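In: Provided below are the primary sequence and the corresponding predicted coordinates.
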Amino acid sequence: MEKTTDRATQSMIDEAEKRGIPLVWDRFAAQLPQCGFGELGLCCRHCMQGPCRIDPFGDGPQRGVCGADRDTFVARGLGRAVAAGTASHGGHARHMAHILLKSAKGQAPDYPIRDEAKLRQVATRIGVAVEGRGTAEIALEVAQLAMAEFSEKDTPLLWAATAVTKGRVETFIKYGVVPTGIDSPVAEMMHRTTYGVDADPVNLLLGTVKCALADFGACHLATDLADILFGTPQPVVTKANLGVLKKDAVNIALHGHNPLLSDVVVQVSEDLELVAAAKKAGAPAGLNVVGICCTGNEIMVRHGIPLATSSVSQETAIVTGVLDALVVDYQCIMPALASVAECYHTKLITTMPIAKIPGATHMEFTPDKARETAREIIRTAIEAFSRRDPDKIRIPQETNAAIVGFSAEAVVAALALVNPEDPLKPLIDNIVNGNIYGICLFAGCNTVKIAQDANYIEMVKRLAAKNVLILATGCASGAFARQGFMTQEATRSYAGDGLKAVLTAIGEAAGLAGPLPLVLHMGSCVDNTRAADVAVAVANKLGVDLDRLPVVASAPEPVTEKAVAIGTWAVAAGLPTHLGLAPPVLGSKTVTTVLTSTVKDLFGGYFMVEPDPGKAADLLLATLSSRRTGLGLSA
Ligand code: MSK
């Protein structure tokens, strides 16, 4: 099977093979055939009377030892996946809230408030008074409310309830899925899925939606607080793919999800003393900081830091032979990085107490010593540089330019250049007249089960040709950046006439002497909420709820439990959501039917699974067509 569509990644796969270094694709091959029970969600290890399996063909056992059937097995498994995703985003959000609190109290000098306008905007949205108050005072109240979001309250989760339409809130109340905390639905899901609690698949699925809405709140909180502390992304030109690594520089890659350390490393990498130390060590180009996965996206959209690679191909950055330090925080970090790094001089550095990897060097990050830790990390990278083996250097030349940094605020600012009085009007007018047929948000990862980026490439070409406006986050953004879809050339080559005209009008108004890029990079996985903000603003302006908008979502190459949580809240928000791979639910007809059909009657959104990217694009276009018809627009 083809492993990747990317030439740079393929050349690193070949190099690793030559050197006998196993990568993710080799480990996947060694796992085949994978367990059919697991793939269908028909195994259960929730108690020590098991493990139990249910025969998908109906000949063998149809119930586990406790009597749970296939529907209970599958619904419980899905609920736990969403709980794990929510716990991950919740942990990320909690770290942001802690730092904002310390910052507001003057206890975190390395973390000043960098975006006061965003602080005031968020404060106003969540009901914190701003008039006549100073920054620290507002920040303190926002941080205290943020901290309070994590425990069980008797009011709805603020960061979710204030960030959706009124209609969504009413729907969530109607179906009893309003989260009142970020952590409590996770704990509740673990409780209700343990031995002998909830056996009703529909009840379990509603609990899963509640948990996913807590995930939405956690993601939104993380994005808001990151913007307040580090700045709201604005368009910036940068580069992507492995060619951003430099032979003549000390290369430091930042990988994971949370910008708390990475943003500080970026700031400290400009320290002239450290740059001089790198040059003295024999690197004339000084320090070269690059990103991987969503930590990479965070620093890419805020500071224009180039993205080396993402997701499934993360190990290949080491195979270039010039990665001096790989600094990781948490989430989506393969433990295998340690064994690949062992074959090179690369220093793998873990930084979070909850995410250590055997074989890595642990340099614990604490907010009170952020800059100090960042300096130590950079010095470690410079020291590692001196141990590079010139015989192992193989840097692929491929890079693509990428215009990135389209936060919701940046999108509105760009639209305001066309219509300062009513910024959303140009967007809505163009949706109404069909120049923009609809909007598709691409999110999620790359998986070893699909040739890397293949689905993204095929789908974006088809959708853009039919005038669908494309937004992207997470490793979907990485794919599009690497493959050259975040350029003006991509708009000229692939956008349909209507879309091209709109992107050109906005791009020229913004002084870009040409169109906006074909794909708008909105940020990391938690930043999917930025796309939700745009959709909510459009829905409010049109006076309709989200479940009627011509807006769809797609995760064509999904991997993580976080992606399952995000997909579930997208569905609850009313978005038809495509997956390029089926999650482990096909063992239950009941659960599969609820997810792909029945849920539509409740929330308006639903899942579609279509592995073929061409057919998936057609499905999304048909969905957009019926949404347009529903609004009385030309289909
Ligand atoms: S990093 S969750 S592989 S998008 Fe957010 Fe990428 Fe998926 Fe991790």
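Out: Good, I have the coordinates. Residues are numbered from 1 along each chain as shown.
In: And Thr529, how far from Glu270?
Out: 30 Å (Cβ to Cβ, to the nearest Å). Just so you know, the C-beta spots here come from the backbone N, C-alpha and C atoms, and that holds for glycine as well.
In: Please apply the same query to Val418.
Out: If you go by Cβ to Cβ, the gap between Val418 and Glu270 works out to 35 Å.
In: For the two, indicate the residue with more neighbours.
Out: Neighbour count, other Cβ atoms under 10 Å: between Val418 and Glu270, Val418 has more, with 19 against 11.
In: quick one, what contacts the nearest residue to the more buried one once chain neighbours are set aside?
Out: Among residues not flanking Val418 along the chain, Pro426 sits closest, at 4.5 Å (Cβ to Cβ, 6 or more residues apart in numbering). Neighbour list for Pro426: 415, 418-419, 502, 505-506 [criterion: Cβ atoms under 8 Å, 6 or more residues apart in numbering].
In: For the buried ones among these, write the corresponding ChimeraX selection.
Out: Filtering these down to the buried ones (16 or more other Cβ atoms under 10 Å) takes a single ChimeraX command:
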select :415,418,502,505,506
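In: So for the residue nearest to Val418, what pLDDT did the model give?
Out: Per-residue confidence at Pro426 stands at 95 (pLDDT).
In: ok, now how distant is it from Ile450?
Out: As defined by Cβ to Cβ, Pro426 lies at a distance of 36 Å from Ile450.
In: Kindly report the same for His345.
Out: 32 Å.
In: quick one, which of the two is more surrounded?
Out: Ile450 (23 against 19).
In: mind checking how far the closest residue to the more buried one other than its chain neighbours is from Ala454?
Out: In space, Ile450 comes closest to Glu557 once its chain neighbours are excluded; the distance is 5.0 Å by Cβ to Cβ, 6+ apart. With distances taken as Cβ to Cβ, Glu557 is found 8 Å from Ala454.
In: Could you pull up phi and psi at Gly291?
Out: phi -120, psi 160 (degrees, to the nearest 10).
In: sorry, that was for Asp329
Out: Dihedral angles (degrees, to the nearest 10) for Asp329: phi -110, psi -90.
In: burial count for it?
Out: Neighbour tally, Asp329, other Cβ under 10 Å: 25.
In: my guess is it meets Asp263, correct?
Out: No - the pair Asp329 / Asp263 is not scored as a contact, 11.0 Å apart, by Cβ atoms under 8 Å.
In: So the residue lying farthest from the centre of the chain: helix, strand or coil?
Out: Most distant residue from the mean C-alpha position of the chain: Asp59, 41.3 Å away (Cα atoms, centre = their mean). When classified by DSSP: H, G, I helix; E, B strand; the rest coil, Asp59 comes out as coil.
In: going forward, begin numbering at 286 instead of 1
Out: In the new count, where the first residue is 286, that last one comes out as Asp344.
In: any idea how far Ala568 is from it?
Out: For Asp344, the distance to Ala568 (Cβ to Cβ) stands at 65 Å.
In: now swap in Asp512 and tell me
Out: Taken as Cβ to Cβ, the span from Asp512 to Ala568 is 33 Å.
In: and whatever helix or strand Val625 lives in, which residues are buried?
Out: Taking DSSP states H and E as the definition, one finds Val625 inside helix 622-627. Going by neighbour count (16+ other Cβ under 10 Å), the buried part of helix 622-627 is 622-626.
In: Show me the contact partners of the helix or strand just after that helix.
Out: Moving toward the C-terminus from helix 622-627, the next helix or strand (DSSP H and E) is strand 632-635. By Cβ under 8 Å, 6+ apart, the residues outside strand 632-635 that reach it are 609-613, 622-623, 626, 641-642, 644-648, 662, 665-666, 668-669.
In: rewinding a little: kindly indicate which of the buried residues of helix 622-627 lies nearest the ligand.
Out: Leu622 (13.8 Å; Cβ to the nearest ligand atom).
In: Nearest residue to the middle of this structure?
Out: Note: the chain centre (Cα atoms, centre = their mean) maps to Cys810, 1.5 Å.
In: That residue falls within a strand, correct?
Out: No - judged by three-state DSSP, Cys810 forms no part of a strand; its state is coil.
In: mind listing which of the contacts of strand 632-635 are in helices?
Out: Using DSSP state H, the subset of the contacts of strand 632-635 located in helices is 622-623, 626, 662, 665-666, 668-669.
In: okay, these in CSV with distance to Gly326 and pLDDT next?
Out: Output for these, formatted as CSV (distance: Cβ to Cβ, whole Å; pLDDT from 0 to 100):
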residue, distance to Gly326, pLDDT
Leu622, 29, 98
Ala623, 31, 98
Ala626, 35, 98
Ile662, 41, 98
Thr665, 43, 98
Ala666, 43, 98
Glu668, 48, 98
Ala669, 44, 98
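In: thinking again about what came up before, what's the residue nearest to the centre of the chain in contact with, if anything?
Out: 374, 504, 542, 579, 728, 758-759, 847-848, 851.
In: Excluding chain neighbours, give the residue nearest to it in space.
Out: Gly759 (4.2 Å).
In: can you tell me the helix or strand for Val449?
Out: Counting by DSSP H and E, Val449 is found in no helix or strand.
In: I'd say it and Gly859 touch.
Out: No - using Cβ under 8 Å, Val449 makes no contact with Gly859, being 9.4 Å away.
In: Spit out the residues that contact those two alike.
Out: Leu831.
In: Let me see the domain layout of this structure.
Out: 292-338, 355-515, 527-677, 687-915 (automatic domain parsing).
In: Distance to the ligand added to those, as a markdown table?
Out: Output for those, formatted as a markdown table (distance: least, Cβ to the nearest ligand atom, whole Å):
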| stretch | distance to the ligand |
| --- | --- |
| domain 292-338 | 12 |
| domain 355-515 | 9 |
| domain 527-677 | 3 |
| domain 687-915 | 3 |
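In: could these go into JSON lines alongside distance to Met286?
Out: JSON lines is the format used below for the domains of the chain (distance: least, Cβ to Cβ, whole Å):
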{"stretch": "domain 292-338", "distance to Met286": "9"}
{"stretch": "domain 355-515", "distance to Met286": "25"}
{"stretch": "domain 527-677", "distance to Met286": "13"}
{"stretch": "domain 687-915", "distance to Met286": "7"}
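In: Could you measure from Cys332 over to Glu324?
Out: For Cys332, the distance to Glu324 - Cβ to Cβ - is 22 Å.
In: what's the answer for Ile716, then?
Out: Ile716 is 39 Å from Glu324, by Cβ to Cβ.
In: again, but for Gly466
Out: From Gly466 to Glu324 the distance is 33 Å (Cβ to Cβ).
In: So between these two, which is more surrounded?
Out: Gly466 (22 against 17).
In: Quick check: the more buried one is in a strand.
Out: No - with three-state DSSP as the criterion, Gly466 is located in coil rather than a strand.
In: Run through the residues that contact it.
Out: Per Cβ under 8 Å, 6+ apart, neighbours of Gly466: 434-438, 442, 499.
In: From those residues, list the buried ones, please.
Out: So, by 16+ other Cβ under 10 Å, the buried ones in the contacts of Gly466 are 434-435, 442, 499.
In: So which of those are in helices?
Out: Counting by DSSP H, the buried ones among the contacts of Gly466 place Ala499 in helices.
In: okay if I get the buried ones among the contacts of Gly466 as JSON lines plus distance to Lys826 and pLDDT?
Out: Listed next are those as JSON lines, based on distance: Cβ to Cβ, whole Å; pLDDT from 0 to 100:
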{"residue": "Glu434", "distance to Lys826": "28", "pLDDT": "98"}
{"residue": "Phe435", "distance to Lys826": "33", "pLDDT": "97"}
{"residue": "Leu442", "distance to Lys826": "25", "pLDDT": "97"}
{"residue": "Ala499", "distance to Lys826": "27", "pLDDT": "98"}
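In: Do me a favour and average the pLDDT over the helix or strand hosting Val819.
Out: Using DSSP H and E, Val819 sits within helix 813-827. Helix 813-827 shows a mean pLDDT of 97.
In: And the contacts of that helix?
Out: Helix 813-827 has contacts (Cβ under 8 Å, 6+ apart) with 448-450, 452, 501, 504-505, 508, 692-693, 696-697, 709, 712-713, 716, 724, 726, 728, 756, 758-759, 807-808, 830-831, 833-834, 836, 838, 851, 855, 858, 860, 916.
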